[in-house]
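**Q** Provided below are the primary sequence and the corresponding predicted coordinates.
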Amino acid sequence: METTTRQGTTGYNAKVEIFRDQEYPMLNGCVYLDHAGTTPYPKSLMDRFAQDMTSNLFGNPHSASASSQLSTSRIEDIRLRVLQFFNADPDEFDLVFVANATAGIKLVADALRAAPDGFDYAYHYASHTSLVGVREETRNSLCLDDKEVEALASGSSPFSSAERPVLFAYPGQSNMDGRRYPLSWSRTVRDKCTSGNRKVYTLLDAAALVCSSPLDLSCPDTAPDFTVLSFYKIFGFPDLGALIVRRGAEDVFLPTRYFGGGTVDMVVCLKEQWHAPKSQFLHERLEHGTLPIHNIIALDSALDVHKELFGSMQEVSTHTGFLHKRLYRGLKSLRHGNQNSVCTMYSPDQDEAFEAGPVIAFNIQNGQNAWVSLAEVEKLATLKNFHIRTGGVCNPGGITSALGLEPWEMKQNFSSGFRCGTDNDIMAGKPTGVIRVSLGAMSTISDVDSFLGFISEFYRDLSPSLMSRQSLRPSNKAELVVHSISIYPIKSCGGFEVPPGIDWEVRPEGLAWDREWCLVHQGTGQALSQKRYPKMALIRPFLDFERGELRVRYVGPVPSHVHREISLPLSKNPSLFQRLTASFRSKASRVCGEEILAQIYSVPEINNFFSEVLGVPCLLARFPPGGQGKSMRHSKAHLQKHQTSLAPVPGSFPRPPSPPDSDSEKTSSERRILLANESPILAITLPSLDALNAEIKRSGNHKGDVSAAVFRANIVIGPSSKQRNQMEPYAEDTWPSIRIGGHKYEMLGSCRRCHMVCINQETAEKSEEPFVTLSKTRRFDGKVFFGTHMGYAGGYEKVQTIRIGERVEPDW
Ligand SMILES: *Cc1c(COP(=O)(O)O)cnc(C)c1O
């Protein structure tokens, strides 16, 4: 009843809720909010396409066979159908099939570049990267803001040449923030600026616009000369794009010289060089080689099914418009306990002057107005199964203008290591990207509401003091000991527990044999991680000193022909051993984005074992201590702000150290590590783990206690027996240094966490905890922390060891 009313008054398509589960089974359990990236394809589309494919034989066009003729006629019908979808008269427009919108843009740029004197280029600042790149092919190029476009539209050309053609390009809708730009620009710029010999052409990037809005090309006089789009964004399938050319602008393509199969009527080669291009239709001259026949055929099914499920594009537009408003209002109105806004919106409100498509770009600030790291939002969203996009979203001008970043800041960020898609997304206190959520025809109210619920649950500070720390009582009453010691010989694989009574060697790089090996992807050289391959937890290494071997066993299910166990010599020179004829070669690999040179095992038996149990082609690599250059790495851990900004309880204990000055920073950055992510040694404490488990219980999300193993620490510190409840949780955050068995270790800062802590190290199964609770209780400056980095404070001179049960004494 209620949904019928909604439909009547708002245009909300309540039918979507009825067919959603059936048509989009792949969305089961997740919320898809990345329609600006691509849209999911309905099951009926795939079924209908499969039906079409299996009941017809489609040949390569250009021959007389029935199968070839069928392809030719279907393709011509579909070309017409797509033109009609945009109200474009085939006498006035031609449609060229291309791989995607970008290929359409490049086709136009290539043609204009072939003009005798090249071309000048003006593009709107909100252009997608694919439009911006055109500037590299031009004589002169300018990036324009709205005012400058209006000036252009009133006839004042910014370019001096009166002869050279000008291309003006802009997005119908920004892929970054959904802002829509006037379609009238296409006509006014062309008409007002064209003068004398100067021709002005307009290119509309409609890739984002047409996903949620009709595009009406019924009037050739007002239409853009070139319109580009990608079908996968509208229908989810096929992977195909189109360039729609106004016939009046076809002459742009005359200077192009290359010809490929299918585009010529005759070619003479041997004694003379001559050819006759096809002349009737533009598309015949521009579609080189065999067309993507089956992709084009799929468009028939896509158009049919889209109409059946969603009606017209106008209906899609009102449906997404309704949801957009709900999402926008919801995000904008979220407040922290102290009334500060949670979300900073970059997209225009629908009611503002510019019309806006259902795309919302924003960033989150905590209650103290500090920006929340995008990487952090993405980790939690991934865990909670929200599909969103974060970062620069391929819109350089839109991003810099939304975030107020100056070119020098962008360059400075670049030189201090910022790259698209890395974890360092807050540089110098400013965000470098946005969170983008986008809606499509198949989005529902519950998609919107669950996303609002997610942001509200995790990013609202209800009481300003919620995230600040409980007051610390002196913990020196509790006697602390080393509770357990674990070594992870192969990075991201299972741990090896050091047995009680053994003195384990501690080196400046960390505990002996810890993270000395890793698995790298055979193609990319990228180190594999449990985050991507949870089954790595089931690879269990065992250090067998009697035999001098690293034995590795896989405890998950394997097909019968696969070995469960292999072993390799611990010795650094395997050629000394007869049994293995391992020969090392070095390979440039990447660990946490850092380029390293590791030694790669070339024994097929070893590499096959890992590749088969994990189901990914990989190689075992070794990164022994003592390497130079790229065979050596340095610690990156440092004290975090939350550790140093704590006001001590008066009279209780000395202040924790201030952040490292430049000297001590130097020593910490010169601290060597092997393949650990950040530091030589990672430690956690049992009281902190207990506190976390208590929080999880309180949240009602409890499915059994989280084990210490998920944190993959080397050292677990706990009170000596019976005193467990006497030690304050998270005291380790404030320890400047500790002594274990009398040897000094420096604390190097809290350990930042990601959703890898949700992988059960026994079973390799993923869950939501403990990351969800950590995000609520242990987030500082928009990042989540648990445990502490540390390193042995002495040098290489004397051998130092650690043993279970040894006394741990914090230095206060
Ligand atoms: C997606 C998009 C593009 C690029 O589309 P491709 O399919 O990657 O070529 C260009 N412009 C806008 C506005 C887009 O949204």
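**A** Happy to help now that I have it. Bear in mind that the values here come from a model prediction, so they are computed numbers and not experimental data.
**Q** Quick check: residue 690 is in a helix.
**A** Yes - checked against DSSP: H, G, I helix; E, B strand; the rest coil, residue 690 lies within a helix.
**Q** Quick check, it in contact with residue 727.
**A** No - with contact defined as CB atoms under 8 Å, residue 690 does not reach residue 727; the gap is 9.3 Å. (C-beta placed from N, C-alpha, C; glycine too.)
**Q** surely residue 771 meets residue 757?
**A** Yes - assessed by CB under 8 Å, residue 771 is found in contact with residue 757 at 5.6 Å.
**Q** and these two? which has more neighbours close in?
**A** Shown here are residue 771 and residue 757; by other CB atoms under 10 Å, residue 771 has more neighbours (25 against 19).
**Q** Report the contact partners of the more buried one.
**A** Shown in contact with residue 771 (CB atoms under 8 Å, 6 or more residues apart in numbering): 379-380, 383, 753-755, 757-758, 784.
**Q** try 6 Å
**A** Counting by CB atoms under 6 Å, 6 or more residues apart in numbering, residue 771 makes contact with 383, 755, 757-758.
**Q** Could you point out which residue ranges in the stretch 301-450 of the chain have low pLDDT?
**A** Where the stretch 301-450 of the chain drops to pLDDT under 70, the residues are 350-354, 417-418, 420-424.
**Q** count of neighbours near the residue of it found nearest the ligand?
**A** Residue nearest to the ligand within the stretch 301-450 of the chain (CB to the nearest ligand atom): residue 394, separated by 7.1 Å. If you count neighbours by other CB under 10 Å, residue 394 ends up with 19.
**Q** any idea whether it is helix, strand or coil?
**A** State at residue 394, reduced to three classes by three-state DSSP: coil.
**Q** what's the closest of the contacts of residue 771 to residue 50?
**A** residue 383 (34.3 Å; CB to CB).
**Q** quick one: the spatially closest residue to the closest one that is not a sequence neighbour from the ligand, how far?
**A** Spatially, and ignoring its direct neighbours in sequence, residue 383 is nearest to residue 755 (4.6 Å; CB to CB, 6 or more residues apart in numbering). Here the criterion is CB to the nearest ligand atom, to the nearest Å. By it, residue 755 lies 28 Å from the ligand.
**Q** so what's residue 755 up against?
**A** Neighbouring residues of residue 755 by CB under 6 Å, 6+ apart: 379, 383, 771.
**Q** And for whichever strand or helix holds the first one, what's in contact with it?
**A** Residue 379 is located in helix 374-383, with elements delineated by DSSP states H and E. The contact list for helix 374-383 (CB under 6 Å, 6+ apart) reads 388, 390, 423, 425, 433, 435, 458, 754-755, 768, 771, 775, 782-783.
**Q** could those residues be laid out in JSON lines, adding distance to residue 30?
**A** JSON lines is the format used below for those (distance: CB to CB, whole Å):
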{"residue": "388", "distance to residue 30": "11"}
{"residue": "390", "distance to residue 30": "17"}
{"residue": "423", "distance to residue 30": "23"}
{"residue": "425", "distance to residue 30": "23"}
{"residue": "433", "distance to residue 30": "22"}
{"residue": "435", "distance to residue 30": "17"}
{"residue": "458", "distance to residue 30": "17"}
{"residue": "754", "distance to residue 30": "19"}
{"residue": "755", "distance to residue 30": "15"}
{"residue": "768", "distance to residue 30": "13"}
{"residue": "771", "distance to residue 30": "17"}
{"residue": "775", "distance to residue 30": "19"}
{"residue": "782", "distance to residue 30": "24"}
{"residue": "783", "distance to residue 30": "25"}
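**Q** What about these, which are in helices?
**A** 458, 771, 775 (DSSP state H).
**Q** Among these, find me the one that's closest to the ligand.
**A** Using CB to the nearest ligand atom, the ones in helices among the contacts of helix 374-383 come closest to the ligand at residue 458, 28.2 Å.
**Q** contacting residues around that closest one?
**A** 380, 775.
**Q** could we number from 874 for the rest of this?
**A** Done: numbering now begins at 874, and the last item shifts to residue 1331.
**Q** hey, what's the nearest residue to residue 1286 once chain neighbours are set aside bridged with?
**A** In this structure, residue 1286 finds its nearest non-sequential neighbour in residue 1300, 4.5 Å apart by CB to CB, 6+ apart. According to DSSP bridges, the residues that bridge with residue 1300 are residue 1303.
**Q** what about residue 1300, how many residues close to it?
**A** Residue 1300 is flanked by 17 other residues according to other CB under 10 Å.
**Q** before we move on, the earlier item: higher neighbour count, residue 1563 and residue 1600?
**A** Between residue 1563 and residue 1600, counted using other CB under 10 Å, residue 1600 has the larger neighbour count: 23 against 16.
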